[in-house]
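> I would like to see how this sequence folds:
(one chain, ligands or ions: 1)
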Amino acid sequence: MAGLKEAASSYWREKQVSHLTGAQWGDEGKGKGVDEAAQFVDVVVRTNGGANAGHTIENEYGEFKNHLMPCGFANPDVLNVIGAHVVVDPIQLITELDDAQERLPSSPQLVISSQAPLVMPWHITRDELREKSKGDASIGTTKRGVGESYSDLALRDGFLVGDLLDSEFAEKFMRVADAQDKYMRLIDGEHLVSEVDLTWKEGSISTLQGEIYTAKKKNYLNPEEELQKYLAAADRLGPLIGNTHVRVREAFDDGKIILGEAGQAALLDLTNGTYPYVTSSHPGVSGFLISTGLGAHEVDRVIGTAKAYMTRVGEGPMPTELQDEMGDYLREKGREYGATTKRPRRTGWFDAVATKYGVQTAGITELMVTKSDILDDLPYIKICVGYEVNGQQFSSMPDFSVSGMENVKPIYKTMKGWQKDTSGIRNFSDFPPEAKEYFGQIEELVDVPISVLSVGPQRDAIVYRNDQ
Ligand code: IMP
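Coordinates of the predicted model:
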């Protein structure tokens, strides 16, 4: 049997091009997977999303909180790429870059796609205002301006990272900021207030209207101040901006090992997830392709992280959600609180139907199962093997829009728990038989093999099946 390090190295280097994404609703532990991989691969490409993603990395230099910085940042030999399908908040990225440069012995090798959409100050304000204006129908976004930046891209009205280098950037910024002020007022319903809330005072009506409007006018942005920050960001990030498709292609042609690092997960995909309770990008293999410029035939495998139970943060359907003591138990023991927003996550039993759908639609070929150790003490564990809809039973996703998941009743199989501490296990053969049975059940239902298991937060709490 090879040592853990050899097993890890041979796993991460056995294929040239891999993508790592979440198979469920996010927070499955991708961060740990990419941290681990970053010790062995040559290139890490962040493929989608923006500062809505977040994970905490602990290494010999301390604790880092990354939202945009790819996970290979601490390894001086790794080329870190922010791909074309990532929305880049330059102010956030500089915070992370500053932190890394201050504490690491060498500055991360980083290249940022000139094609990536920028998150502008008004995107963050618009995200907040839109969520507020939706009231009970809000999605529960992370308020990082992600959806707003992608929507301006789709309108062909956005700023790209490459625009930071444009000599007319400042002029365009001020022009757009002015128009955005009006748009934000619309989203906020401010225009209504200024029209209906007029009280008569002595003086001419026109003066009176002007006075009231001025009195009520909110400042959504301070464009001059924001512009200065973006100009400083342009100076700082300028040398790091490039054509990342070309850089990735060169690495590919040189035989380098390339890893895609997704943000979010399959069931939050804009098109394939539980719309509208989704993010605005493509975490699966499609996002990898547009972010790297590689072709589908050049991807060797897609590794999906799947938690041994379900969690979800924000609104939207979650058939196996447990709003009881068991749900609280999973939340507390699993420390299920959002890395970006600190919100408590919703918790539930493993949903094989939803996970299989995520696996299929994201192109996942194998699983990294995480946090099975959280189930260690349970006398029994339920697994959702099917859905019941209007008296009809389904073993895979029924033929309806996934938003219809709101109305499904989970069908459970109850399995015996293993009731043993598995956090110290490093070889698959050492898992108790009940745990092996649980993993076997997941493989059978989701229909892809489990190749890696994570049994604790520490870096070495990991089990590679290639080690057996
Ligand atoms: P947005 O991506 O901030 O627009 O949020 C849209 C939905 O995706 C919300 O339900 C968020 O909670 C969810 N979401 C966004 N990023 C993550 C993540 O990294 N993990 C889990 N959920 C996320």
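> Would you tell me which residues of the protein are close to the ligand?
Proximity of the chain to the ligand, by CB under 6 Å from any ligand atom, involves residues 26-27, 52-53, 139-142, 144, 146-147, 263-264, 268, 277, 279-280, 313-314. The way it works is simple: take the backbone N, C-alpha and C, and place the C-beta from them, glycine included.
> how about a cut-off of 8 Å?
22, 25-27, 49-50, 52-54, 127, 139-144, 146-147, 263-265, 268, 277-281, 312-316, 338-341, 343 (CB under 8 Å from any ligand atom).
> buried subset of those residues?
22, 25-27, 49-50, 52-54, 127, 139, 141-144, 146-147, 263-265, 268, 277-281, 312-316, 338-341 (16 or more other CB atoms under 10 Å).
> Find the nearest non-adjacent residue to whichever residue of the stretch 201-350 of the chain sits closest to the ligand, please.
Closest residue of the stretch 201-350 of the chain to the ligand, CB to the nearest ligand atom: Gly314 (2.3 Å). Once flanking residues are discounted, Gly314 sits nearest to Gly140: 3.2 Å by CB to CB, 6 or more residues apart in numbering.
> That neighbour and Val313 touch, don't they?
Yes - if you go by CB atoms under 8 Å, Gly140 and Val313 touch, sitting 7.3 Å apart.
> Next, show the common contact partners of the two.
Arg343 (CB atoms under 8 Å, 6 or more residues apart in numbering).
> What's the separation between Ala265 and Leu129?
Going from Ala265 to Leu129 by CB to CB, to the nearest Å gives 27 Å.
> Helices - which of the residues of the chain next to the ligand land there?
The members of the residues of the chain next to the ligand that map onto helices under DSSP state H are 127, 146-147.
> Would you mind giving those residues as JSON lines with distance to Glu102 and pLDDT added?
Formatted as JSON lines, these follow (distance: CB to CB, whole Å; pLDDT from 0 to 100):
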{"residue": "Asp127", "distance to Glu102": "29", "pLDDT": "96"}
{"residue": "Val146", "distance to Glu102": "27", "pLDDT": "97"}
{"residue": "Gly147", "distance to Glu102": "32", "pLDDT": "97"}
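> average pLDDT across stretch 169-181?
Average pLDDT, stretch 169-181: 95.
> Output it as CSV - backbone C-alpha positions only.
C-alpha atoms of stretch 169-181 as CSV (Å, rounded to 0.1, in the frame of the first residue of the first chain):
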residue,chain,number,x,y,z
PHE,A,169,-12.3,53.7,-18.6
ALA,A,170,-12.8,56.7,-16.3
GLU,A,171,-15.1,58.5,-18.7
LYS,A,172,-17.2,55.4,-19.4
PHE,A,173,-17.4,54.6,-15.7
MET,A,174,-18.8,58.1,-14.8
ARG,A,175,-21.3,58.0,-17.7
VAL,A,176,-22.6,54.5,-16.8
ALA,A,177,-22.6,55.4,-13.0
ASP,A,178,-25.0,58.3,-13.8
ALA,A,179,-27.4,56.0,-15.8
GLN,A,180,-27.1,53.3,-13.0
ASP,A,181,-28.2,55.8,-10.4
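> Can you name the residues in contact with that stretch?
Identification of contacts with stretch 169-181 by CB under 8 Å, 6+ apart yields 120-122, 126, 159, 163, 166, 220-221, 223, 226-227, 230-231, 234.
> at 6 Å instead, please
122, 163, 220, 223, 227 (CB atoms under 6 Å, 6 or more residues apart in numbering).
> got the buried residues for it?
Within stretch 169-181, the residues that count as buried by 16+ other CB under 10 Å are 169, 173, 176-177, 180-181.
> so where is the protein shaky, pLDDT-wise?
Along the chain, segments meeting pLDDT under 70 span 1-2, 190-217, 467-468.
> can I see the domain layout of it?
Annotated domains of the chain cover 15-115+243-467, 121-239 [automatic domain parsing].
> Tell me which of the ones you listed sits most buried.
Of the domains of the chain, the one with the most neighbours on average (mean count of other CB atoms under 10 Å) is domain 15-115+243-467, at a mean of 20.
> shouldn't Val302 be in contact with Gly363?
Yes - counting by CB atoms under 6 Å, Val302 touches Gly363, with 4.8 Å between them.
> anything in contact with each of the two?
Shared contacts of Val302 and Gly363 (CB under 6 Å, 6+ apart): Val285.
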